[in-house]
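Peer 1: Sequence plus the predicted model coming up.
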Amino acid sequence: MGYELMARERTRGRTVLPVAFAVLLAVAAAAGAQSATIYSCVANGRTYTGDRPPPECFNSDIRELNRDGSLRRVIARPLTPEEQKARALEVKRKAEEEEKALAQRRRDRSLLEAYASEQEIDVARTKALVSSNEVVKRSQFRLDRMEEERKRLAEETEFYKKRETPEKIKRALASNEQERAAELKIIKEAQAEMQRINERFDADKKRFRELIAQGSQAAQRTY
């Protein structure tokens with residue numbers, strides 16, 4: 001068990017030890033009353049030994065020994081600020097990896113419970129694409145109508161080559177262009193949604209195949 005790293009301070013001619021180390025001394029004193037224990041460490045190139053943790057050992061690993069010299073345990077030295085930061089980052093990384101693995105197991109379980117075969121995934125994909133396909137069809141139909149209207153307006157402007165085109169026709173052409181741009185945007189968004197749906201089902205199908213190959217059991221259907 002590590003103890004807090006603090007440099008010894010000298011205050012009014014006496015040595016002040018880190019609080020955690022002082023607690024360790026108190027615990028060692030209490031334990032010493034019940035069992036024979038030796039504490040030893042190497043600090044500044046020297047070996048320090050005592051029936052209580054030597055003050056010189058506050059920043060070193062301490063070996064807790066039985067009276068026969070056998071090792072009972074090692075009390076690790078306190079971590080430096082850099083080591084504490086590195087340990088905290090490592091703990092965070094492991095926690096994130098565990099959470100990611102847990103989320104993947106949940107997704108795998110849901111996938112296996114939802115589908116009994118790859119064919120069922122394809123059927124689900126087709127159903128998911130219906131709405132976006134309908135959006136594209138409706139917008140394309142409107143675009144075709146707009147194109148017919150645009151051609152008609154263009155033919156009308158032919159009568160005004162040598163004079164000013166009426167404002168009514170100008171406004172109609174501008175409106176036609178704005179509506180056409182709006183429908184093209186709708187189609188683009190629907191196609192992007194279709195791409196996302198296909199990518200999701202592609203990933204599900206690939207993972208489903210992997211899980212089955214690993215011996216996982218898919219949903220059972222009773223027909």
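Peer 2: Happy to help now that I have it.

Peer 1: From here on, just use CA atoms for contacts and neighbour counts.
Peer 2: OK.

Peer 1: Low-confidence stretches in this structure?
Peer 2: Low-confidence segments of the chain (pLDDT under 70): 1-35, 223.

Peer 1: for it, which strand is longest?
Peer 2: In the chain, with assignment by DSSP state E, the single longest strand is strand 37-43.

Peer 1: Walk me through the domains of this structure.
Peer 2: 9-75, 115-213 (automatic domain parsing).

Peer 1: a markdown table for the ones you listed, including distance to Ala95?
Peer 2: Converted to a markdown table, those look like this (distance: least, Cα to Cα, whole Å):
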| stretch | distance to Ala95 |
| --- | --- |
| domain 9-75 | 26 |
| domain 115-213 | 24 |
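
Peer 1: ok, now how distant is Glu155 from Glu167?
Peer 2: Separation of Glu155 from Glu167 (Cα to Cα, to the nearest Å) stands at 15 Å.

Peer 1: Over to Lys127?
Peer 2: 47 Å.

Peer 1: And for Thr37?
Peer 2: 104 Å.

Peer 1: if you count what's nearby, which of those two comes out ahead?
Peer 2: Thr37 (21 against 9; other Cα atoms under 10 Å).

Peer 1: which one is that one nearest to, not counting chain neighbours?
Peer 2: Of all residues not flanking Thr37 in the chain, Asn66 sits nearest, at 5.2 Å (Cα to Cα, 6 or more residues apart in numbering).

Peer 1: Which stretches in the protein count as helices?
Peer 2: Along the chain, counting by DSSP state H, helices occupy 19-32, 81-114, 118-157, 167-213.

Peer 1: how big is the angle separating the last one from helix 81-114?
Peer 2: Right, the one you point to is helix 167-213. Helix 167-213 runs at 90 degrees relative to helix 81-114, counting by axes from the mean of the first three to the mean of the last three Cα atoms, to 10 degrees.

Peer 1: Torsion angles phi and psi at the most far-flung residue of the chain relative to its centre?
Peer 2: Relative to the centre of the chain, and counting by Cα atoms, centre = their mean, the farthest-placed residue is Lys162 at 66.8 Å. For Lys162, the backbone dihedrals are phi -100, psi 10 (criterion: degrees, to the nearest 10).

Peer 1: Since that was my last question, I'll sign off now.
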